[in-house]
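Colleague: How does the following fold in three dimensions:
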Amino acid sequence: MSHSLSPSTAVPTSPLQRLADLTLPYALIAPPVGLMILLIFLPAAQAVVETLWVDGALTLNQYTSFFQNPILRANLWFTLGVTMATVLLLFAIGLPIALYLRFTHGRVAAAVQMLALFPLFVPGVILAFALIRSVGPHGLLETVLHQIGLNGYMSPYLKPQGIVIGLVWQEIPFTVLVLTAGLRQIEDSMIESARDVGASNWQMFWRIIVPLLQRAIVIVFSLNVIGTFGAFTLPYLLGPAQPMMMGVSMQQTFNNYMDRTGALTQAVITFAFCAVVGFVYVRTVTRAQDIRS
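Modeller: So this is what the prediction gives:
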């Protein structure tokens, strides 16, 4: 004779099993959280303390000196300008590519996708070297223009344009991937319904696609701003000597002038700016999860 438990019958669990069920999730997340605290939050907190607590007293002299220094202030504004120019160009280039990949199929679309993702597999140092050889002085582009009779080429190398070109080329794959993923969440039925009622392409883009793509746009904007603002390799290899990006400025302050506290001050200012943008990113992601739940 077989016996079975009714649906209402609860299997008793031992105190040890209940304790394991409660602690297992925390044990699983403890290593990455601990590593994040050790490598990110503790150094950031230490930098804040070292820049605010000088000679045994709480002071803002380090930050006051930073904003009173015209060279450092120019570096900050230069970094903001390069960051905004890079992000705007990334949207101007990446969004049309993402729209094309979302609504077009075939071999040409596959080739466009492959070309858009190609920079993902090129290291930053190799990218900088390739740009120097192609658009730098006496590079490939200048040689070709000279051969066809076009002189007076102004190279973007060691200029702000060189940094923007390098950063845009490097960040195109991420921009296209995230925007394409966001566009694929828009159902074809919504687009077809809009066409049935006579909506133009511009109306469909502005009134349907853009509102539904807001989360992806915020993610792309936030992460590109953070990545560009803190970039070092490409600005160091392609940018001018002055003004310079904040990442390069920190390195120069620490290595050339042996000013640890000054470099930490610049790092804290950079971290504070990126933290504000990061808060926007985290808020956007958590709000989308709250809506889905």
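Colleague: Buried residues of stretch 108-124, list them for me.
Modeller: Neighbour counts over stretch 108-124 (16 or more other C-beta atoms under 10 Å) mark Val112, Gln113, Ala116, Pro119, Gly124 as buried. For the C-beta atoms, the positions are set from N, CA and C on the backbone; glycine is no exception.
Colleague: Just name whatever secondary elements the helix or strand hosting Glu171 is in contact with.
Modeller: Here Glu171, judged by DSSP states H and E, is contained in helix 160-184. With contacts taken as 3 or more C-beta pairs under 8 Å, 6 or more residues apart in numbering; DSSP states H and E, helix 160-184 sits against helix 70-103, helix 107-117, helix 124-135, helix 214-229, helix 233-238.
Colleague: and of those, who's closest to Cys274?
Modeller: Among the helices and strands packed on helix 160-184, helix 214-229 comes nearest to Cys274, with 4.7 Å by C-beta to C-beta.
Colleague: What separation is there between Arg283 and Gly182?
Modeller: Applying C-beta to C-beta, to the nearest Å, the value for Arg283 to Gly182 is 17 Å.
Colleague: Gly166 too?
Modeller: Plainly put, Gly166 is 26 Å away from Gly182 if you go by C-beta to C-beta.
Colleague: The two: who's more crowded?
Modeller: Gly166 (27 against 20; other C-beta atoms under 10 Å).
Colleague: mind checking pLDDT for that one?
Modeller: Gly166 carries a pLDDT score of 95 in this model.
Colleague: likewise the one 5 residues further on?
Modeller: Predicted confidence (pLDDT) for Glu171: 94.
Colleague: show me what contacts it?
Modeller: Thr86, Leu90, Asn224, Gly227, Thr228 (C-beta atoms under 8 Å, 6 or more residues apart in numbering).
Colleague: From these, pick the one nearest Pro32.
Modeller: Using C-beta to C-beta, the contacts of Glu171 come closest to Pro32 at Gly227, 20.8 Å.
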